[in-house]
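>>> Sharing a model prediction with you, sequence too.
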Amino acid sequence: MSDEELTVVHVVRHGEVHNPGGVLYGRTPGYHLSELGRQMADRVAEHLAGRDIRYVVASPLERAQETAEPIAASHGVELATDGRLIEAANIFEGKTFGVGDGALRNPRNWKYLVNPFKPSWGEPYVDQVVRMTAALAAARDAARGHEAVCVSHQLPIWIVRSYAERRRLWHDPRKRQCTLASLTSFTYEGDRIVSVGYSEPAIDLVPPHLRAGAKPVPGGQKAFGA
């Protein structure tokens, strides 16, 4: 039995964003939480209120900062910013995106869709793994023996979880288990991830069409062997 201390890093996806135009906002600045999104952020803060959280950090984008603020405030810690938690870069930022409409109707964009395994339309999955694992490790180090919260975005969270759970990185976006205001929680024994948990404290606030397609992990946690 290892005597190394346990540290938990909760990675929170931001709440709902005010986006009446329905564009793929990506890293574009100026997109804030909607009123519902702020309710989601408050719900997450309430859910984490009794936890031993010593460090809270967020992506520099407004929606992540606004989701993190009530969490940091409830634990009396200063909110930090880490650019490695930012949304994945995407060539279609600022455009509407879908099959049969928006950017996909334009043949000039088809060249960006040739390689779903990289992917060819945006930041490579392996690059997301590198920056996200580094950001989580920094949060772990800042909260050794306690708990930390990182607020990030759906795709980077799903990719780093897939890497930790030893799954392939390319995937069907409709099956990501990372609902708005959800928590993907990584437990470290020393420097090693030993389990991953998932929870949805604000699921009753999430509109049905925005909920993750995948079902929750049985028991809420997946543990790894040595």
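Nice, I can see it.
>>> quick one, helices of this structure?
35-47, 62-75, 125-142, 154-164 (DSSP state H).
>>> Please identify the most buried of those helices.
Neighbour counts (mean count of other CB atoms under 10 Å) averaged over each of the helices of the chain peak at helix 154-164, with a mean of 23. (Each C-beta comes from the backbone N, C-alpha and C, glycine too.)
>>> pLDDT weak spots in this protein?
Scanning the chain for pLDDT under 70 picks out 1-3, 95-117, 120-121, 212-226.
>>> hmm, try it at 50
For the chain, the stretches flagged by pLDDT under 50 are 1, 99-100, 110, 112, 214-220, 224-226.
>>> Would you reformat the helices of the chain as a markdown table and include distance to Val206?
Below are the helices of the chain laid out as a markdown table (distance: least, CB to CB, whole Å):
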| stretch | distance to Val206 |
| --- | --- |
| helix 35-47 | 7 |
| helix 62-75 | 13 |
| helix 125-142 | 23 |
| helix 154-164 | 12 |
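>>> So which of the ones you listed is nearest Thr179?
Taking CB to CB, helix 154-164 is the member of these nearest to Thr179, at 8.6 Å.
>>> Show me what that closest one is packed against.
strand 6-13, helix 125-142, strand 183-189, strand 192-199 (3 or more CB pairs under 8 Å, 6 or more residues apart in numbering; DSSP states H and E).
>>> Need the residues that contact that helix.
With contact meaning CB atoms under 8 Å, 6 or more residues apart in numbering, helix 154-164 is reached by 11, 13, 85-88, 125, 128-129, 131-133, 136, 168-169, 171, 173, 176-178, 184, 186, 193, 196.
>>> Select only the buried ones of the residues you listed in ChimeraX?
In ChimeraX, a selection of the buried entries from those looks like this (16 or more other CB atoms under 10 Å):
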select :11,13,85,86,87,88,125,128,129,131,132,133,136,169,176,177,178,184,186,193,196
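>>> Indicate which one of the helices and strands packed on helix 154-164 is closest to Leu205.
strand 6-13 (13.1 Å).
>>> relative to strand 192-199, how tilted is the closest one?
Using axes from the mean of the first three to the mean of the last three CA atoms, to 10 degrees, the direction of strand 6-13 lies 40 degrees away from that of strand 192-199.
>>> Strand 6-13 pairs with which strands, and in what direction?
Next to strand 6-13 in the sheet, as set by DSSP bridges, lie strand 147-152 (parallel), strand 183-189 (antiparallel).
>>> Could you tell me the angle between that strand and helix 62-75?
Going by the same axes, to 10 degrees, strand 6-13 makes 140 degrees with helix 62-75.
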